[in-house]
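In: Curious how this folds, go ahead:
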Amino acid sequence: MPSRNGYFGEFGGRYVAEVLRRPLEELEEAFHRFYPDPAFQSELERLRVEYIGRPTPVLRAHRASEELGGANIYVKLEGLANTGAHKINNAMGQALLARMMGKTRIIAETGAGQHGVATAAACARLGLPCRVYMGEVDVRRQRPNVFLMELFGAEVVPVTSGTRTLKDAVNEALRDWAASWENTHYLLGSALGPAPFPDMVREFQSVIGREVREQLRDVKLDAILACVGGGSNAIGLFSAFVDEDVRLIGVEAGGRGPQLGENAVRMTQAGRVGIVQGYKSYFILDDDGQVERTHSVSAGLDYAGIGPELAFLGKSGRVEFQSVTDQETLDALKFFARTEGIVFALESAHAGAAAIRLAPHLPRKANILVNMSGRGDKDIFITAKALQPQQWRDFLLSEAASISEAEKHHG
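Out: So this is what the prediction gives:
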């Protein structure tokens, strides 16, 4: 579903300072030139198979379905892709495009850290230097992903301005790109931002939806669920089914409660139409049009905006939006671990929670698919603290003591 001159209905566009118009126009021209090229597609497909590990499997969740009653649940295991999430699909596609454009440096932003890890890995694979901007708050709560980015050779820059989260990381990345675009590509991680990013990211993520159609070609799906922050995993999955007779359900972060600052619900609660970071969409804004604080147990869903294509599909009614709380998310994480032996990323567990809520209300012949957009390894410092606080505290104190002892021993 390509945009029309960068717009999806009233949403999208390219609301940027003059200094960014030329790099965006150059990127748009390059994308339309290289993306359809058979040589580009052949190389991208080779990387998908040999490096990313595509296609990722679809699991029929027998035990979960039986315990809940009602619909059969299927899970698309994007968490089995290299680097642990769907983010590598877009990161590798854009990195390959940047190399064909002759760019010699990559910059990116990241929230939960998965996009940063994917970008760092793709750059390591293709031999491109990489800098990742990450909010200071997210650096602290996603330390394992920071370690991985640096292991891949990326420079991680903590952002200390504003709310010190994803919104501010995006701002810093845009400032860098404005000053360095002639040799730098900004590898944006979600289906948002100024055109052509929403179209590009959807196309690189659309492999998810195409695979599901092929893998479940003999199954009539009644509902498809995906978590929505910016929305790259959701639009990548939904894009193959927009014209099909199936419910498309985007799941937002209900956080701690309904008050402003306690959640990140844009489409069913607090969202207002605004223009932020170069595009028009729904955002959580105050009365003066400033971006409000948000909260989610998952670092990847606490973004105050939503991609313009999903905003359009939501306003038109084609995509339904729901929200689930932090507690429902943690409960879903435990449920699928116990019944199916899979550990959802906290972002993806929001979609899992919505599936748990929906399945018992559908007949047994119904089928629903939930996208496990990432696996939960990265969240261990959050989930272990929430689910086993005393054991986790004892472990960390023990580790800290052993580090102190080692430092004394080595002088």
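
In: the strands in the stretch 151-300 of the chain, which residues?
Out: Here the stretch 151-300 of the chain has its strands, by DSSP state E, counting those that start in this stretch, at 155-159, 184-186, 223-227, 247-255, 271-276, 279-284.

In: now the stretch 1-150 of the chain
Out: 7-8, 11-12, 58-60, 72-77, 105-110, 130-135.

In: Of all the ones you listed, which one comes closest to residue 185?
Out: Ranking the strands of the stretch 1-150 of the chain by proximity to residue 185 (C-beta to C-beta) places strand 105-110 first, at 5.6 Å. Placement of C-beta: from N, CA and C, glycine included.

In: okay, the angle between that closest one and strand 155-159?
Out: 40 degrees (axes from the mean of the first three to the mean of the last three C-alpha atoms, to 10 degrees).

In: Summarise which helices and strands strand 105-110 is packed against.
Out: helix 87-100, helix 114-126, strand 130-135, helix 166-180, strand 184-186 (3 or more C-beta pairs under 8 Å, 6 or more residues apart in numbering; DSSP states H and E).

In: Who are the contact partners of the residue lying closest to residue 145 once chain neighbours are set aside?
Out: Leaving aside its chain neighbours, residue 145 sits nearest to residue 113 (2.8 Å; criterion: C-beta to C-beta, 6 or more residues apart in numbering). Going by C-beta atoms under 8 Å, 6 or more residues apart in numbering, residue 113 touches 134, 138, 142, 144, 145, 146, 148, 149, 299, 378.

In: re the thing from before, to residue 364, which of the strands of the stretch 1-150 of the chain lies closest?
Out: Comparing these by C-beta to C-beta, strand 72-77 comes nearest, at 7.5 Å.

In: which residues touch the closest one?
Out: By C-beta under 8 Å, 6+ apart, strand 72-77 touches 56-61, 64-65, 208, 211-212, 216, 219, 221, 237, 336, 340, 342, 352, 355, 359, 364, 366-372.

In: one more time with 7 Å, if that's ok
Out: Contacts with strand 72-77, where a contact means C-beta atoms under 7 Å, 6 or more residues apart in numbering, come from 56-61, 64-65, 208, 212, 216, 342, 355, 359, 367-372.

In: Likewise for stretch 270-278?
Out: By C-beta under 7 Å, 6+ apart, stretch 270-278 touches 14-16, 170, 193-194, 260, 280, 282-285, 289, 291, 305.

In: And these, which is the shakiest by pLDDT?
Out: Across those, the bottom pLDDT score, 85, is held by residue 170.

In: you'd agree that one is up against residue 109?
Out: Yes: taking contacts as C-beta atoms under 7 Å, residue 170 lies within contact range of residue 109: 4.8 Å.

In: Quickly list what's touching both of these two.
Out: Joint contacts of residue 170 and residue 109 (C-beta under 7 Å, 6+ apart) do not exist.
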